[in-house]
Structures are given as C-alpha cells and as structure tokens.
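Peer 1: sequence? don't have it. structure:
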C-alpha cells in the first residue's frame, strides 16, 4: 500500500489505469492518495458488490472513478481507440488481472497504447522473480525482454498483515514487479 500510495501521489500523475478492480481496494488507494487523478479500472463485472463499491467511491471522491467492464484483452484496445491517439494517457498502471501468461502479456502490450511516454510506472501484481515459473513472472520477463517494460525496482516482496472475520495473517508475503512502460 505504501508504494502504491507514494506512486499515485506524484504530482505528475493525473490518470491512473488498472486491471483488476474487484471491490476497489487499490482504486481507493489511488483516489485517496491523489485528490486530482482520474482512475480507470478494467475488470469483469463478476461480483455483486462491484457496482456498490464503484458508486460508493464515486460518491466519496467526486466521480473520478470509471469502471470499464469486460475482458481487458478487448476493453483496453477499444478504450484506447475511442480516446484517440492523444485523448488520454495513463501516468501510472497497475495490472492485477487474470494472472495467466497470455492475459498479462496482452495487458502489457495493450497498455502501451495508453502509456504516457515520459516513463509511465508499471506495476504487475503477484509477480515473483523468486518463482520464475509463475505465469505473471514469465509475462513480466517476456515484456522486459521485448522492451515493453524497463525494470526500475524490479521484484518487490513485502510483509502484509491481513485481518478479516475468519483469519489473521501476520507475515503474509505480497510480491509485485515495478518498471516503466514504454509507449508505442
């Protein structure tokens, strides 16, 4: 959360794009950390609580959240085309999508159409360079190898404390990879 909030708070960030809205945890971080940024989330509308959380966050944060519903492999290119070549660019991207190799690599390729060309930070969730066989790690490595992403911080693993009604994790590990997305 700390890294995400710090990245969003950068004054040069005005547009944040992410894949994987779910119930809006990271959207909340983006909206709260940057009072001016517009947040675009791409996700499948699978969960009953999604609409309620989108409405709640928009009510609290002035309508700065837009959920683009559908498979990101098609919605990101469609969104990029509808906004025109200079209509919108992402200043920060997080991908926490389907976690398949093909899906994550497609997200990297497709977000290149929307990335600001000034070194757009790109975060791929659940990427763990200590586990090279993970689909997300393989997609990250392939994207770096193709020059779509330039690693900046590379692999990061942090300790997470999580609590819910049913469990409490003191030392859960959360891994992600960080780089700069190169636009097309």
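Peer 2: Received, thanks. Since this is a predicted model, take the numbers as computed values, not measurements.
Peer 1: could you pull out the helices for this structure?
Peer 2: For the chain, the helices defined by DSSP state H occupy 2-9, 25-33, 50-60, 72-83, 101-111, 135-145.
Peer 1: chain center to the second one: distance?
Peer 2: Right, helix 25-33. Offset of helix 25-33 from its chain centre (C-alpha atoms, centre = their mean, to the nearest Å): 11 Å.
Peer 1: List the buried residues for that helix?
Peer 2: Buried residues in helix 25-33, counting neighbours by 16 or more other C-beta atoms under 10 Å, are found at 26-31, 33. Where you see a C-beta, it was placed from the backbone N, CA and C, and this is true even at glycine.
Peer 1: do the third one as well
Peer 2: Neighbour-count burial for helix 50-60 flags 50, 53-54, 57-58 (criterion: 16+ other C-beta under 10 Å).
Peer 1: Out of those residues, which comes closest to residue 5?
Peer 2: Lowest distance from residue 5 to the buried residues of helix 50-60 (C-beta to C-beta) belongs to residue 57, with 15.5 Å.
Peer 1: Hmm, residue 23 and that closest one touching each other?
Peer 2: No: counting by C-beta atoms under 8 Å, residue 57 stays clear of residue 23, with 9.9 Å between them.
Peer 1: intersection of neighbour lists for those two?
Peer 2: With contacts defined as C-beta atoms under 8 Å, 6 or more residues apart in numbering, no residue is shared by residue 57 and residue 23.
Peer 1: Good, we can wrap up now.
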